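Colleague: structure, please.
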Amino acid sequence: MYLLIAYATTDGQTRKIARFAADRLVATGHSVELLEASDTDDLDLPRFDGAILAGSLHAGGYQKSLAQFAKGAADKLALMPTLFLAVSLSAAGTDPDDWAGLRRCLAEFESDTGWTPGRVEHVAGAFKFSEYDFFRAWAMRRIADMKGEAVEPGKDKEYTDWAALGRALDDWAAGLPPRVKAASASAL
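Modeller: Below is the predicted model of the structure:
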């Protein structure tokens, strides 16, 4: 299968997740094109057998470049198997209010873009203190404190469950329909 992975990242964790997905799929025999969502202009989407979009949730929304790509490609994405890797720190926890918020943000993304993913996997992100400025680092430490998470100032903390993500990717890929080869002119 020839698969597209289009992603948008703010602090780099979603890029790391997208690369993991690409490596995992290639290791199981698929061909993958990995692109930042901002680099998808003039992309010939119908040449792909399926697509994975990945983005991270910040301040109640996903990256603008990802939303623009999903909106512009919604009709073509609807014709193929798709997976949305929705990355957030809230996905690391079990707070019902946080999960209700994740569902609201996803519904808003779907409504705004006109694209409904075939499957959604919520993937826990990371605190990337090495990427934050002073004020963002302070705000993120405050959020961590409110959630009872211990974080060391200046040290990144990753919550992504790589094994679970791998299983989700394997399961999604196992459900892809077999590739149909076009009949050659000489066979007709």
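
Colleague: quick one, what contacts V87?
Modeller: By C-beta atoms under 8 Å, 6 or more residues apart in numbering, the contact set of V87 is Q13, T14, I17, A54, G55, S56, L57, H122, V123, A124, G125. For the C-beta atoms, the positions are set from N, CA and C on the backbone; glycine is no exception.

Colleague: I'd assumed it was in a strand, is it?
Modeller: Yes - assessed by DSSP: H, G, I helix; E, B strand; the rest coil, V87 belongs to a strand.

Colleague: just the pLDDT for it.
Modeller: Listed pLDDT for V87 reads 95.

Colleague: out of the contacts of V87, list just those in helices.
Modeller: Counting by DSSP state H, the contacts of V87 place Q13, T14, I17 in helices.

Colleague: isn't the first one right up against G55?
Modeller: No - counting by C-beta atoms under 8 Å, no contact exists between Q13 and G55, whose distance comes to 11.0 Å.

Colleague: neighbour-wise, which of the two wins?
Modeller: Neighbours were counted for Q13 and for G55 using other C-beta atoms under 10 Å; G55 has more, 29 against 24.

Colleague: what sits opposite that one in the beta ladder?
Modeller: Beta-bridge pairing for G55 (DSSP bridges): A86.

Colleague: quick one: it and A37 touch, right?
Modeller: Yes - contact criterion C-beta under 8 Å: G55 and A37 qualify, at 7.4 Å.

Colleague: can you list residues touching both of those two?
Modeller: Common contacts of G55 and A37 (C-beta under 8 Å, 6+ apart): Y7, A8, Q63, L66.
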